[in-house]
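Visitor: Curious how this folds, go ahead:
(chains A and B, ligands or ions: 1)
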Amino acid sequence: MNRINNVFKEQKSVFITYLVCGDPDINSTLKMMHSMVENGVDLIELGIPFTDPIADGPVIQRGIERALKNRVSLIDILNLVSKFREKNKTTPIVLMGYMNPIENMGYKKFSSQAKSKGVDGLLIVDLPPEEAGSINQELSKNKLCQIFLASPTTEDKRLKAIARYSSGYLYYVSLKGITGSSLINYQPIKKRINKIKKLSKNKIPVTVGFGIKTPEAARKISMFSDGIIIGSSIVELIDKNRKNKALMHKKINNFVKSVKSSLVK
Amino acid sequence: MKKINYKSFPDKNGRFEEFGGKYVSETLMYPLSELEKAYKKIAKSVSFKKELNNELCNYVGRPTPIYHASRISKELGSCNIFLKREDLNHTGAHKINNAMGQAMLAKAMGKTRIIAETGAGQHGVATATACARYNLKCVVYMGSEDIQRQKVNVYRMKLLGAEVISVESGSKTLKDALNEALRDWVTNVDDTHYIIGSVAGPHPYPMIVRDFQSVIGHESKIQMKKINKKADILVACVGGGSNAIGLFHPYLNEAVDIYGVEAGGFGLNTGKHAAPLNKGKPGILHGNRTYIMEDQNGQIQSTHSISAGLDYPGVGPEHSWLKDNKRVKYVSVTDNDALKAFYYLTEKEGIIPALETAHALAYAFKLAKTKKNKNILINLSGRGDKDIDTIISLKRIKV
Ligand SMILES: Cc1ncc(COP(=O)(O)O)c(C=O)c1O
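Guide: Model (predicted):
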């Protein structure tokens, strides 16, 4: 049983956060990862910075630019996960990003390295299942989960296929847009989540990301999904408070705590 | 060389063997498949073809002439240099061939809003023009650095009623404008069609843009035949690669030598260029697998070229494929050599070319000096009016 499956078994609503690895610097990322877990985060998506993040809004773009300025590479990220594992053996880590840095390293090398450093899964924004065949072989060999996205424009037939190809969990993108956009309407999301669950015969946990910014929104979505993902709101706290690290950590911890306490138990 | 039917690609997955494909976020998979369906339908439709042809004749000004540049031909040696005059199209470049086709396609799909990216501003102007013609709302993304060096085209777009959005992220050039356009499209997929300006992007774009630009090569064949000539050598500049593939594609299965010219910037060994086919390696950018310029960690590198339209770290996937199977030779020309060719054509033939086109000219002139008795057909992709500011600042011409 891997860490991702465990966490979805244990928690009614899995609390997932996203961080750009290396923003504002790599040591702060490590510190935030540990303190997030202490404050109730169940799974961490660690963003791999990329120069051309086409699915990200201005807030995460700025986070990525800061990380790139720090010259954080994919190898640095894998090493960071390994460092995180020195103290934490249970919280799943999913690497999230764009295809080219992984293409550059090579699927085989990436997959075996990721496994040995303690990564649990991979989520590539610009890799639909149609293009994922060859990397999937390497990931499966190393028992790494591959998480795919579904969106409001995904047709039923594809939804079914995406649910089948995904392992670990499925990431439902709540809105048409980029990260950092605002959610306005919960009903359509609820309908879609129910549909995915029906089409997949409840075989894969379904989480919701994009547009969740407040404990209130998190609570509402946790009522009908298996987990919620918060990214931009946390990266924004880094953006605004990074000059004062102590304050930055404190604000993020408080925010994380308030979200955790709002989720359905 | 293995025998390939070059016209049978891309395959049904949008692949040119290992290149191309659809590397996009899930939200775009649906609009891309709708686009492909709509395109396949109109590509078969006799009435659409007739209407497009009518527009190209009466609005764009096609067919564009082929001009025998006799003065420079004689001066350079024994070859005959022919120029396919895409600069004489309405709005001044080949970009309008694609913009008209895609605007009509968007209309047929019931879209009301058009977005586009632009580097030199030629594609932006062409798209703004087609949108004015078809009563479509138009938003153009342009890097802030390109806005500075192609001001005239920004004024033109605004006059035509387009909204021009300055892109401040990343390197502030064409690649970043493309990123912003993709972000817009993901957000507004319902009413918006994205008119990509080159043979880049995810499938079906490289195919659609190529098909609309292939009018260049088809006309050329007919026109050369009319003057009892046959092209021995084709030359075109390669940014994303749309004017090049437009000329090359109809000739790919024939015995013709083909050269694509990339931007050598300050020189291929300086790192400051935009020549992914010469110096890059295969990777994934903007929705397709192709040659790109990247660092050792897979981050996309910033590029340099004197011409905004070639200043791009990727290239259309079909060119990557044509490179690997050695059907087309990809070479490069520096900023300085392009400038020399720019002045040469201007002074000897009375034609002011775009700086992009000047790269093709420079290489073709070099060929003309070394080859014997060949017919060299150059795609004169655009006129240089837009580059006058750049040239003036270099030459410090006073009025
Ligand atoms: C006149 C001209 N030629 C060439 C290009 C390069 O584009 P492509 O390689 O797609 O033809 C541009 C792009 O702006 C252009 O304006």
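
Visitor: so what's B:Q296 closest to, chain neighbours aside?
Guide: Using C-beta to C-beta, 6 or more residues apart in numbering or on different chains and skipping residues adjacent in sequence, the residue nearest B:Q296 is A:N104, 7.7 Å away. In this view, the C-beta of every residue, glycine as well, is placed from N, C-alpha and C.

Visitor: Next, count neighbours for residue 97.
Guide: Since no chain was named, I'll use chain A. Each residue near A:G97 was counted by other C-beta atoms under 10 Å in any protein chain shown, and the total is 26.

Visitor: not quite, I wanted chain B
Guide: Using other C-beta under 10 Å, B:N97 has 27 other residues around it.

Visitor: Same question for A:L127.
Guide: 27.

Visitor: One more: B:F48?
Guide: Around B:F48 there are 16 other residues, counting by other C-beta under 10 Å.

Visitor: how far away is it from A:I77?
Guide: When C-beta to C-beta, to the nearest Å is applied, the distance between B:F48 and A:I77 equals 49 Å.

Visitor: Report the contact partners of A:S166.
Guide: A:145-148, A:204 (C-beta atoms under 8 Å, 6 or more residues apart in numbering or on different chains).

Visitor: Next: A:G231.
Guide: So A:G231 contacts A:17-18, A:45, A:47, A:60, A:179, A:209 (C-beta under 8 Å, 6+ apart).

Visitor: Just the pLDDT at it, thanks.
Guide: As summarised for this prediction, A:G231 has a pLDDT of 97.

Visitor: From chain B, how far out is it?
Guide: Going from A:G231 to chain B by C-beta to the nearest C-beta, to the nearest Å gives 14 Å.

Visitor: likewise A:S134?
Guide: Counting by C-beta to the nearest C-beta, the gap from A:S134 to chain B is 11 Å.

Visitor: Flag every buried residue along the host helix or strand of that residue.
Guide: Counting by DSSP states H and E, the element that carries A:S134 is helix A:133-141. Of the residues in helix A:133-141, those scored as buried under the neighbour-count criterion (16 or more other C-beta atoms under 10 Å in any protein chain shown) are A:135-136, A:138-139.

Visitor: same thing with stretch A:161-174?
Guide: Neighbour-count burial for stretch A:161-174 flags A:161-163, A:165-174 (criterion: 16+ other C-beta under 10 Å).

Visitor: Doesn't B:Y312 belong to a strand?
Guide: No. The assignment for B:Y312, made by DSSP: H, G, I helix; E, B strand; the rest coil, is coil rather than a strand.

Visitor: which residues sit in contact with residue 124?
Guide: No chain in the question, so chain A it is. The neighbourhood of A:I124, defined by C-beta under 8 Å, 6+ apart, consists of A:96-99, A:102, A:132, A:135.

Visitor: that's the wrong chain, I meant chain B
Guide: Listed by C-beta under 8 Å, 6+ apart, the contact set of B:G124 reads B:116-118, B:140, B:142, B:153, B:157, B:162, B:164, B:197.

Visitor: same question, A:Y107
Guide: Counting by C-beta under 8 Å, 6+ apart, A:Y107 has contacts A:134-135, A:137-139.

Visitor: average pLDDT for the helix or strand where B:F82 lies?
Guide: Secondary-structure assignment from DSSP H and E places B:F82 in strand B:80-85. Along strand B:80-85, the predicted local confidence has a mean pLDDT of 98.

Visitor: Would you mind pulling the contact partners of that strand?
Guide: Contacts of strand B:80-85 from elsewhere in the structure, counted by C-beta under 8 Å, 6+ apart, are B:64-69, B:72-73, B:216, B:219-220, B:224, B:229, B:231, B:247, B:351, B:364-365, B:368, B:374-380.

Visitor: From those, which land in helices?
Guide: With helices defined by DSSP state H, the entries of these inside them are B:72-73, B:216, B:219-220, B:224, B:247, B:364-365, B:368.

Visitor: Could you verify my assumption that B:E86 touches B:I216?
Guide: Yes. Using C-beta atoms under 8 Å as the test, B:E86 is close enough to B:I216 to be in contact (6.4 Å).

Visitor: The least confident helix or strand in chain B by mean pLDDT: how far from the chain's middle?
Guide: Counting by mean pLDDT, DSSP states H and E, the weakest-scoring helix or strand in chain B turns out to be helix B:388-395, with a mean of 88. From the chain centre to the centre of helix B:388-395 is a distance of 23 Å (C-alpha atoms, centre = their mean, to the nearest Å).

Visitor: what about that helix and the ligand, touching?
Guide: No. For a cut-off given as C-beta under 6 Å from any ligand atom, helix B:388-395 has no contacts with the ligand; the smallest distance is 13.0 Å.

Visitor: That helix packs against which elements?
Guide: Packing partners of helix B:388-395 (3 or more C-beta pairs under 8 Å, 6 or more residues apart in numbering or on different chains; DSSP states H and E): helix B:151-159.

Visitor: For the helix it packs on, which outside residues touch it?
Guide: Helix B:151-159 is contacted from outside by B:118, B:120-122, B:124-125, B:128, B:140, B:142, B:147, B:164, B:385-386, B:388-389, using C-beta under 8 Å, 6+ apart.

Visitor: What ranges does the stretch 1-150 of chain A have for its helices?
Guide: Read by DSSP state H, counting those that start in this stretch, the stretch 1-150 of chain A holds these helices, from start to end of the chain: A:3-10, A:26-38, A:58-69, A:74-87, A:99-105, A:107-117, A:133-141.

Visitor: For burial, what's the neighbour tally of B:I227?
Guide: The number of residues packed near B:I227 is 11, by other C-beta under 10 Å.

Visitor: correction: B:L159
Guide: Per other C-beta under 10 Å, the neighbour tally for B:L159 reads 11.

Visitor: Point out the residues in the stretch 201-350 of chain B that sit beside chain A.
Guide: Proximity of the stretch 201-350 of chain B to chain A is assessed by C-beta under 8 Å from any C-beta of the partner chain, with B:283-287, B:289, B:292, B:294, B:296-300 identified as the residues in range.
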